[in-house]
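Student: My questions concern the predicted model and sequence given below.
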Amino acid sequence: MRYEQRNPLPIPAAGEFQHVQSTIDAVFDWHYELKRQKLLDLYEKGKAASWNATELDWSIDVDIERMVAQRQQMGGGTVLNQFLNPPRTLSDHEALTLNLNMNAFMLSQFLHGEQGALLATAKIVETVPWAEAKFYAANQVADEARHVEVYHRYLTEKLGISYEIHPSLATLLADILRDSRWDITYLGMQIMVEGLALAAFGMQKLMMSEEPLIVDITTRIMGDESRHVAFGVMSLEGVYEQMTASELREREDFVIEATHLMRERLLMQPVFERLGWPLDVWMPWATSTPFMRGFRQMLFSKIVPNLKRLGLLTPRVREEFAKLDLLRFENLKDSVEEPEPQPPAELVQLLLQILASRQGAQPAAS
Ligand SMILES: [Fe+2]
Ligand SMILES: [Fe+2]
């Protein structure tokens, strides 16, 4: 692994290292019963599907600016204004800047989330009671190191713009790492953070379809992440059925809190701060404009059916999700029923509309 960091990541104000205190029980499994066949099969799959960052074509010249300019020549600027419905009409240059920065912001948060997954899953190796889950978690740890590597290389060598970790993501990752209960690590990382990432990667791939390097990176990572999310669901299955009401209530609180933290990040405040665009204008827009609301909701399309399978779509969680209009995903397939990730149909439809209108047709009514 050798690459040039042409544009290093910005260092957070709090410094380059962050320490999170945690007291966990590291558990040995001397029984080695190895009877959880689904987990063992996943472990075999994970080992066989391993890939190397050197297999990617790093010679590709990544020029998002040129890509966006080409879209604009085909009328993409007008379409962007129609879809985003911004507080004021954006010039082509402003739309380009917004696009570049939103893309860099999302990719940077993917990178930081990957580092969170690396640490959280290493913790699972120690804390989960069963050997077969330790095996798979170890395999996932290797995947996550590779994900950090490729996103970091893409951001620093190819893209040229990057963002530090969003405070809400930093809070969520620290909460996950600090907690001593082994199931909370899974619930926070494999079900919530990776469940959201899986949907976000699907979106990234569709939005950046003309950039072959990020398409290749995203396709490979999505393959891995779909196993990681399935790992979470398989490991937690049955666990919540045996919990007391007060234990379950703590998990509900965690899910609700994590949902709010994840949505906050998706408002992308640091983008508007960096562009110097007034927050009192752009934050209400990011909160309420239909495109941004739809985008945030779609990112929960994998989380909701998985929570349902685990028995965590309880009345309290349902009430909260109803307010956020997330319950419409509850009957989609969960990660065990459908291990290969599919972008939500609504998202595909929306992007097809954008593409169709880019090619000169009128966007369909939304
Ligand atoms: Fe990952
Ligand atoms: Fe992962």
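Tutor: The structure has been received and is ready for your questions. Ligands and ions are numbered 1, 2, ... in the order given.

Student: Kindly tell me how buried Asn52 is, as a neighbour count.
Tutor: By the other C-beta atoms under 10 Å criterion, the neighbourhood of Asn52 contains 11 residues. Placement of C-beta: from N, CA and C, glycine included.

Student: What separation do you get for the residue nearest to it when sequence neighbours are not counted and Glu55?
Tutor: In this structure, Asn52 finds its nearest non-sequential neighbour in Arg146, 7.5 Å apart by C-beta to C-beta, 6 or more residues apart in numbering. Distance, Arg146 to Glu55, using C-beta to C-beta, to the nearest Å: 11 Å.

Student: what do you get for Ala145?
Tutor: Distance from Ala145 to Glu55, by C-beta to C-beta: 15 Å.

Student: Which of those two has more residues huddled nearby?
Tutor: Comparing Ala145 with Glu55 by other C-beta under 10 Å, the one with more neighbours is Ala145, at 15 against 9.

Student: Where does pLDDT dip in this structure?
Tutor: Residue ranges of the chain with pLDDT under 70: 76-80, 339-348, 350-366.

Student: Can you name the residue of it nearest to ligand 2?
Tutor: Proximity of the chain to ligand 2 (C-beta to the ion) peaks at His228, 3.7 Å away.

Student: wait, doesn't that residue sit right on Glu194?
Tutor: Yes: between His228 and Glu194 there is a contact under C-beta atoms under 8 Å: 5.1 Å.

Student: between the two, what contacts are shared?
Tutor: Taking C-beta atoms under 8 Å, 6 or more residues apart in numbering as the criterion, His228 and Glu194 both touch Ala117.

Student: circling back to that earlier point, what about the residue of the chain closest to ligand 2, how many neighbours?
Tutor: By other C-beta under 10 Å, neighbour count at His228 equals 28.

Student: helix or strand for it, which one?
Tutor: helix 212-236 (DSSP states H and E).

Student: now Pro284
Tutor: Applying DSSP H and E, one finds Pro284 within helix 279-288.

Student: buried set for that helix?
Tutor: Buried residues in helix 279-288, counting neighbours by 16 or more other C-beta atoms under 10 Å, are found at Trp282, Trp285, Ala286.

Student: next one: stretch 303-321
Tutor: With burial defined by 16+ other C-beta under 10 Å, the residues of stretch 303-321 counted as buried are 303-314, 317-318, 320-321.

Student: Over to stretch 171-187?
Tutor: 171-177, 179, 182-187.

Student: Between those, which sits nearest Met292?
Tutor: For the buried residues of stretch 171-187, the residue nearest Met292 by C-beta to C-beta is Leu172; the value is 20.1 Å.

Student: For stretch 136-149, C-alpha coordinates in CSV please.
Tutor: These are the backbone C-alpha positions of stretch 136-149, laid out as CSV (Å, rounded to 0.1, in the frame of the first residue of the first chain):
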residue,chain,number,x,y,z
TYR,A,136,-16.8,-13.7,11.5
ALA,A,137,-16.1,-10.5,13.4
ALA,A,138,-12.4,-11.1,12.8
ASN,A,139,-13.1,-11.4,9.1
GLN,A,140,-15.1,-8.2,9.2
VAL,A,141,-12.2,-6.3,11.0
ALA,A,142,-10.0,-7.1,8.0
ASP,A,143,-12.8,-5.8,5.6
GLU,A,144,-13.0,-2.6,7.6
ALA,A,145,-9.3,-1.9,7.5
ARG,A,146,-9.5,-2.2,3.7
HIS,A,147,-12.5,0.1,3.5
VAL,A,148,-10.7,2.8,5.5
GLU,A,149,-7.7,2.4,3.2
